[in-house]
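K.L.:
Here you go, sequence then predicted model.
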Amino acid sequence: PPRPQSPHKGIMSMNTTHSRLLIIASSGLLVLLAGALMWWSWDAPSTPRTSMTTQRTKAITQDTKRPAVRTPQKQRKRGSAAHKQSMLAHADELQKELKFAYYRVKNRPKQKTIRTTGTVHLKHDQQQKIGARAPGRVIRMYAHEGDRVRRGKRLLLIDSPEVGKARAQYLRALALWRLSKQEHARQKRLKRLGLTSGKKLALAAYQQQQARIERDSAAARLKVWGLRPPKHNAQLNGRYYLRALKNGVLTEINASIGQWVQPSETLLHIQNRSKVLVKLYLPLALAQQLQKGAALSLSGQGLSHTYSATLQHIGESVQKETQQLEGRLILDNTKGELRPGQRLHVALSQHNNHQAPSLQVPESAVQHVGLATYVFVKEAQQLVMRRVVTGASTEGWTEILHGLQAGQKVVAKGAFLIKSVLMQQQAPGN
């Protein structure tokens with residue numbers, strides 16, 4: 001008889017069939033789910049999933065790639081967002097608010113800049129070195145170091161025996177001259193009356209002349225010391241003042257009360273720094289290119305601004321050690337910032353006559369957005385952000401190779417503020 005089948009074998013075959021069906025069904029579901037995800041990622045609507053920083057970067061990149069010059073028709077097609085990014089309306093009102101300045105584009109000659117150094121000096125007539133006129137002792141001081149003094153101001157009081165002796169000699173000679181003058185007048189009257197001889201009259205005239213010579217000699221000695229002759233015996237002393245000869249600053253005092261001083265000693269130093277002399281050191285190789293009247297800009301440590309001047313003198317001789325020429329110029333130093341011995345950085349600009357002039361704008365007018373370069377041009381009552389191609393930049397000026405024409409107005413001072421306004425408009429939510 002046939003062998004009966006085991007019940008477990010039927011159950012196992014049923015379980016295997018069910019498992020295969022479940023695997024096939026789950027695989028189909030996974031394929032459908034993957035397809036739905038791919039379709040949703042490509043064609044799903046649009047809720048942006050990028051970060052705010054990515055959106056801003058994308059906006060700036062798109063604006064950089066967009067051409068700077070657009071016709072009105074293209075601007076209308078691009079919509080209001082593109083209009084806000086490329087221009088600002090009401091330029092006059094915006095100028096009053098931001099206080100920016102325009103520059104009219106024009107051709108400027110190309111310049112060549114020579115950089116060197118210079119040193120501040122004082123001219124000889126701007127320095128005063130005051131010493132004692134005659135040996136004596138300092139008995140009083142009227143000023144201190146750092147004081148500003150005016151011409152004629154008392155600085156020191158000195159008592160000198162030699163000055164006292166010279167004044168006494170003058171007063172004695174003055175008294176003898178007056179006495180001889182009276183005697184000569186008396187002899188004249190007696191001669192007219194016939195009561196004296198001509199010999200006595202001639203002797204009186206001789207004595208008067210001799211007394212006058214002694215008086216003038218004593219007065220001249222006092223004047224050499226810068227002192228006035230005394231008029232009466234009350235001024236018979238040896239005291240005299242040292243005074244300032246010009247306006248300036250008392251920079252040094254080499255005396256103290258009670259000190260005995262000699263005429264060979266310099267007691268006071270006064271400087272007038274209202275104008276200073278600057279000596280430049282110019283390369284000998286550029287001697288043929290250097291000209292008087294060349295524009296200079298000077299800067300240095302401790303200065304509030306850059307000084308502008310012109311080259312006033314070029315030396316004829318060459319320094320042996322450095323093989324350089326010496327140039328000179330005078331700078332106004334009303335504020336007193338420049339001091340003797342101070343070193344300055346000098347930039348000497350000269351026109352390059354071998355190259356034709358080119359369109360140039362101030363460096364402050366050129367703004368960078370990404371890798372592109374823009375300027376803000378005024379057109380009617382609008383400020384248009386125009387892309388340009390720039391060349392070399394020298395001494396605060398940038399050459400424009402493409403994008404501008406002579407006569408156009410560009411924003412020179414305050415262009416960065418306008419750029420900030422446009423960048424704020426591009427930000428999300430504005």
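P.N.:
Thanks, I have the structure now.

K.L.:
gap between Leu179 and Phe416?
P.N.:
90 Å (CB to CB, to the nearest Å). For every residue, glycine as well, the C-beta is placed using N, CA and C.

K.L.:
Tell me which residue lies nearest the centroid of this structure.
P.N.:
The residue lying closest to the centre of the chain (CA atoms, centre = their mean) is Thr306, at 1.9 Å.

K.L.:
Wait, that one touches Gly300, no?
P.N.:
No. Using CB atoms under 8 Å as the test, Thr306 is too far from Gly300 to be in contact (9.2 Å).

K.L.:
show me the contacts for Tyr103.
P.N.:
Val361, Pro362, Ala365, Lys409, Val410, Val411, Ala412 (CB atoms under 8 Å, 6 or more residues apart in numbering).

K.L.:
which of these lies closest to Ser217?
P.N.:
Pro362 (71.9 Å; CB to CB).

K.L.:
Can you report how many residues lie near that closest one?
P.N.:
For Pro362, the neighbour count with other CB atoms under 10 Å is 16.

K.L.:
Please identify the helix or strand for the nearest residue to it once chain neighbours are set aside.
P.N.:
Sequence neighbours aside, Ala412 is the residue nearest to Pro362 in space, at 4.6 Å (criterion: CB to CB, 6 or more residues apart in numbering). According to DSSP states H and E, Ala412 maps onto strand 409-413.

K.L.:
Mind giving me the packing neighbours of the helix or strand just after that strand?
P.N.:
The helix or strand immediately downstream of strand 409-413 is helix 415-426, counting by DSSP H and E. Helices and strands touching helix 415-426, as assessed by 3 or more CB pairs under 8 Å, 6 or more residues apart in numbering; DSSP states H and E, comprise helix 52-65, helix 80-86, strand 87-89, helix 91-98, strand 367-369, strand 372-379.

K.L.:
Helix 415-426 to helix 91-98, inter-axis angle?
P.N.:
110 degrees (axes from the mean of the first three to the mean of the last three CA atoms, to 10 degrees).

K.L.:
Identify each buried residue in helix 415-426, please.
P.N.:
Neighbour counts over helix 415-426 (16 or more other CB atoms under 10 Å) mark Ala415, Ile418, Lys419, Leu422, Met423, Gln426 as buried.

K.L.:
Run through the residues that contact Gly302.
P.N.:
Each residue near Gly302 by CB under 8 Å, 6+ apart is listed here: Glu337, Gln342.

K.L.:
Quick check: which element contains the residue lying closest to Leu348 once chain neighbours are set aside?
P.N.:
In this structure, Leu348 finds its nearest non-sequential neighbour in Ile114, 4.3 Å apart by CB to CB, 6+ apart. According to DSSP H and E, Ile114 maps onto strand 111-121.

K.L.:
Pull up the pairing partners for that strand, direction included.
P.N.:
Sheet pairing of strand 111-121 (DSSP bridges) gives strand 275-283 (antiparallel), strand 343-351 (antiparallel).

K.L.:
just to revisit the earlier point, quick check, distance from the strand holding Ala412 to the centre of its chain.
P.N.:
Remark: strand 409-413 is offset 23 Å from the chain centroid, using CA atoms, centre = their mean, to the nearest Å.

K.L.:
got it, and stretch 302-321?
P.N.:
That offset, for stretch 302-321, works out to 15 Å (CA atoms, centre = their mean).

K.L.:
Show me what counts as buried in it.
P.N.:
Using 16+ other CB under 10 Å as the test for burial, stretch 302-321 gives Tyr307, Ala309, Leu311, Ile314.

K.L.:
Give me the three-state assignment for the last one.
P.N.:
Okay, so that is Ile314. Three-state assignment for Ile314 (DSSP: H, G, I helix; E, B strand; the rest coil): strand.

K.L.:
Would you check how far apart it and Asn247 are?
P.N.:
Distance from Ile314 to Asn247, by CB to CB: 31 Å.

K.L.:
just the second one next, same as before
P.N.:
Using CB to CB, one obtains 23 Å as the distance from Ala309 to Asn247.

K.L.:
Same question for Lys231.
P.N.:
From Lys231 to Asn247 the distance is 30 Å (CB to CB).

K.L.:
again with Gln187
P.N.:
Gln187 is 54 Å from Asn247, by CB to CB.

K.L.:
Many thanks, I have nothing further to ask.
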